[in-house]
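In: how would this look folded up:
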Amino acid sequence: MNVDLYDFELPESLIAQTPLENRTASRLLTLNKDSGEMEHHTFSDIINYLHPGDTLILNDTRVIPARLFGLKEDTGAKAEVLLLHNLGDNRWETLVKPGKRLKKGAVIRFGDELSATIEEETDMGGRIIRFHYEGIFQEILDRLGQMPLPPYIKEKLEDKERYQTVYAKHEGSAAAPTAGLHFTTELLEAIKQKGVRIGFLTLHVGLGTFRPMSVDVVEDHVMHAEYYSLSQETADLINETKKNGGRVIAVGTTSCRTLETVGNQFEGQDLAASSGWTDIFIYPGYTFKVVDALITNFHLPKSTLVMLVSALAGREQIMKAYNEAVKQQYRFFSFGDSMFIYSDRG
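Out: Next comes the predicted model:
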């Protein structure tokens, strides 16, 4: 299957650069995956599409200020480091710029209180580095690090918390699970009052978010592994929802990928607590085991995320919906508008 099947024209002016003042004021395009019917709403209207007995599953990962700017010790040249995964013992998997100048053995200084030595070179600009410091690393990172906004966002983010969901809890992500940015605590409480249950899982968003597809054939792409954790409490909630005929609604592609990872692990059985690494790649032809509906943002052309939503709703319907979103000037990507792909059946 050719990657070009998932391409579409996207004017640069539609790439959202800043978050809206009110999280729930973003627009919402709903797509019934059974009938193909589309409607246009405001995100706060999502409550009208949720039924008593449904369960929302949210990713409670928290973004760390993972982008560091420093100087190469020997030359004073500028260097940028993006933290991806904590390997323990002060070692991190990272992306660096400029990769050609930052070889094994190079030392980068981030002011007086933090430095790092490059210990290994990995693929596509990746490096394993070891940090040197005195004190508490997280406190130093909070002072020196910047939010790792995607490269298509050029504007400075004034409030770091706007790149966090209101329920962010477990630190470890290099990017936000952006579908969740539309929720407020008030909206979540109203959803609960309607009889919709809410569960949490954790997937720490990592390298896969920053790597474009570099192959022409969809099946040739390999996803980067990311750490996930699903508790027994959330597993029980999903099992109960399924048995009672309710829908399991994933908030974001990260929640979706985690649920399907666990669903494949326990296929044909009740779900149970699970944690580990997932490199699941969902594209058309995939049979969903857990997820019935999905709240998501609008994604990059020819991206793995466009393929995931196409697996749920069908490529033709997704391309039609995306063309409609462009025509109606929806805002795209991390700070953009939202989409609800659903069926009335659980």
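
In: All the helices of the stretch 201-346 of the chain, in order from the start?
Out: 232-243, 253-265, 304-313, 315-327 (DSSP state H, counting those that start in this stretch).

In: okay if I get the ones you listed as TSV plus distance to Leu31, mean pLDDT and mean neighbour count?
Out: Quick note: C-beta positions are derived from backbone N, CA and C, even for glycine. As requested, the helices of the stretch 201-346 of the chain are arranged in TSV below (distance: least, Cβ to Cβ, whole Å; pLDDT from 0 to 100; neighbours: other Cβ atoms under 10 Å):
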stretch	distance to Leu31	mean pLDDT	mean neighbour count
helix 232-243	22	98	17
helix 253-265	15	98	25
helix 304-313	6	97	24
helix 315-327	5	98	17
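
In: Which one of those helices lies nearest to Ser115?
Out: helix 253-265 (32.3 Å; Cβ to Cβ).

In: Tyr152 against Phe333, yeah?
Out: Yes - because the distance of 6.2 Å satisfies Cβ atoms under 8 Å, Tyr152 is recorded as touching Phe333.

In: More neighbours: which of these two?
Out: Phe333 (19 against 13; other Cβ atoms under 10 Å).

In: which ones are touching the more buried one?
Out: Listed by Cβ atoms under 8 Å, 6 or more residues apart in numbering, the contact partners of Phe333 are Ile15, Ala16, Pro150, Tyr152, Ile153, Thr178, Asn297, Phe298, His299, Leu300.

In: Any idea what the first one is bridged to?
Out: In other words, Ile15. Phe332 (DSSP bridges).

In: confidence score at it?
Out: We have a pLDDT of 96 for Ile15.

In: number of nearby residues for the residue nearest to Pro150 when sequence neighbours are not counted?
Out: Spatial nearest neighbour of Pro150, excluding adjacent residues (Cβ to Cβ, 6 or more residues apart in numbering): Ser334 at 5.7 Å. If you count neighbours by other Cβ under 10 Å, Ser334 ends up with 22.

In: what residues are up against Ser334?
Out: Ala16, Leu149, Pro150, Ile153, Tyr163, Ala175, Ala176, Thr178, Leu181, Asn297 are the contacts of Ser334 under Cβ under 8 Å, 6+ apart.
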